[in-house]
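Q: sequence plus the predicted model coming up.
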Amino acid sequence: MTKLPYKRYFFHIAYSGQYYRGWQRQKNIRSVQQIIEEVTAEILKKNTLTIIGCGRTNAGVHASQFFFHTDLIEPLPERFIELMNLRLPQDIAVYDILQVTQQLHARFSAVARSYEYYISLRKQPFLKNYSAISLGRSFCFESMKKAADLLPKYQDYRAFCKQPDLHNTTICKVSATSLHVQPQQQSLRFSITANRFLRGQIRIIVQKLMDIGSGRFSMEEFENCLISGVRPSLIKPAPAEGLFLSKINYPDLNLPNRGSFGFSKDS
């Protein structure tokens, strides 16, 4: 078998999605992929360059850990990370570049993805674009935690998908969930890990957890949706700004999350 001439490079990055219409390049729309491809091509003196991301984040959603790969024949120039960070906008950061085997694929080799959703229960001027703000509402945190604990027990998430018919399957293997309440009950952090996610799934689940906590939706109704696959009468995703892609797991690659955020994770 002839060895391919190119080398595959994995890029470890983070970005704020506030001013982008998601990761994926789209015509006449500002995306994270578009900005990175243009900057990387400019540094490498190429007309075009294509990169493959580990997934897709929607408009306004952030990534404190994200990977993409690209294949190049020529070696990367010295100080390439520094050059990228100097030319990229302040809301996109490159942390690591690794040469990997040609079998490692940023999207298809990932075995699990983790997301975190942040909710602030008081006015937070410096976090307003990085958490959902919920003022004047009282929550039963125990009910929310119990509902979150139900999620790994079920695999069909059709009921909590924005457009289920766009997917070949609505099966997702959720391996872990948690809901943390920070001291003085000023903020919440919901975490979820699965092999894949559906369109709008996490933000719909978060909104339903908040509805359970405020008494607008019962835990029995929540579990019945998981059992039956029947969508709730009201599908309203939680705001995009609270959602972060936070961890990508590969069989032979495990880098720590280097994206920082204002909430403490000690609680």
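A: Cool, got the structure. Numbers count the residues shown, from 1 in each chain.
Q: which element follows the lowest-mean-pLDDT helix or strand in the chain toward the C-terminus?
A: The weakest-scoring helix or strand in the chain, judged by mean pLDDT, DSSP states H and E, is strand 132-133 (a mean of 90). The C-terminal neighbour of strand 132-133 among helices and strands, as given by DSSP states H and E, is helix 141-150.
Q: for that next one, buried residues please.
A: For helix 141-150, the neighbour count (16 or more other Cβ atoms under 10 Å) marks 143, 144, 145, 147, 148 as buried. C-betas here are computed from N, CA, C, even on glycine.
Q: and what of stretch 170-188?
A: Buried, per 16+ other Cβ under 10 Å, within stretch 170-188: 170, 172, 174, 177, 179, 180, 181, 182, 187, 188.
Q: what's the closest of the residues you listed to residue 122?
A: residue 187 (8.0 Å; Cβ to Cβ).
Q: and that closest one, what does it touch?
A: 118, 119, 120, 121, 131, 181, 263 (Cβ atoms under 8 Å, 6 or more residues apart in numbering).
Q: give me that answer again for 7 Å
A: The neighbourhood of residue 187, defined by Cβ atoms under 7 Å, 6 or more residues apart in numbering, consists of 118, 119, 120, 121, 263.
Q: remind me which residues of this structure are low pLDDT?
A: Across the chain, residues meeting the criterion (pLDDT under 70) sit at 1-4, 185, 260-267.
Q: any chance you could map the strands in it?
A: Taking DSSP state E as the test, the strands found in the chain are 7-15, 52-53, 62-72, 92-100, 112-120, 132-133, 174-181, 187-194, 243-249.
Q: output the ones you listed in CSV, with distance to residue 38 appended to each entry.
A: Formatted as CSV, the strands of the chain follow (distance: least, Cβ to Cβ, whole Å):
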stretch, distance to residue 38
strand 7-15, 15
strand 52-53, 15
strand 62-72, 13
strand 92-100, 12
strand 112-120, 26
strand 132-133, 31
strand 174-181, 36
strand 187-194, 32
strand 243-249, 22
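Q: list just the one of those strands that sits closest to residue 44.
A: strand 62-72 (7.5 Å).
Q: centre of the chain to that closest one, how far?
A: In this view, strand 62-72 has its centroid 12 Å away from the chain centroid, taken as Cα atoms, centre = their mean, to the nearest Å.
Q: same check on stretch 83-103?
A: That offset, for stretch 83-103, works out to 18 Å (Cα atoms, centre = their mean).
Q: still on that earlier bit, what is the nearest of the buried residues of stretch 170-188 to residue 85?
A: Of these, the one sitting nearest to residue 85 (Cβ to Cβ) turns out to be residue 187, at 29.8 Å.
Q: quick check: which of the strands of the chain is nearest to residue 220?
A: Short answer: strand 174-181, nearest of those by Cβ to Cβ, at 18.4 Å.
Q: show residues contacting that closest one.
A: 112, 141, 144-145, 148-149, 151-152, 188-194, 267.
Q: stretch 107-123 too?
A: 52-55, 127, 130-135, 175, 185-195, 197, 202, 206, 238, 242-251, 263.
Q: got a PyMOL select line for the buried ones in the residues you listed?
A: In PyMOL, a selection of the buried entries from those looks like this (16+ other Cβ under 10 Å):
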select buried, resi 53+54+55+127+130+131+132+133+134+187+188+189+190+191+192+193+194+197+202+206+238+242+243+244+245+246+247+248+250+263
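Q: ok so, going back, give the partner strands of the least confident helix or strand of the chain in its sheet and their orientations.
A: In the sheet containing strand 132-133, the strands it pairs with under DSSP bridges are strand 112-120 (parallel).
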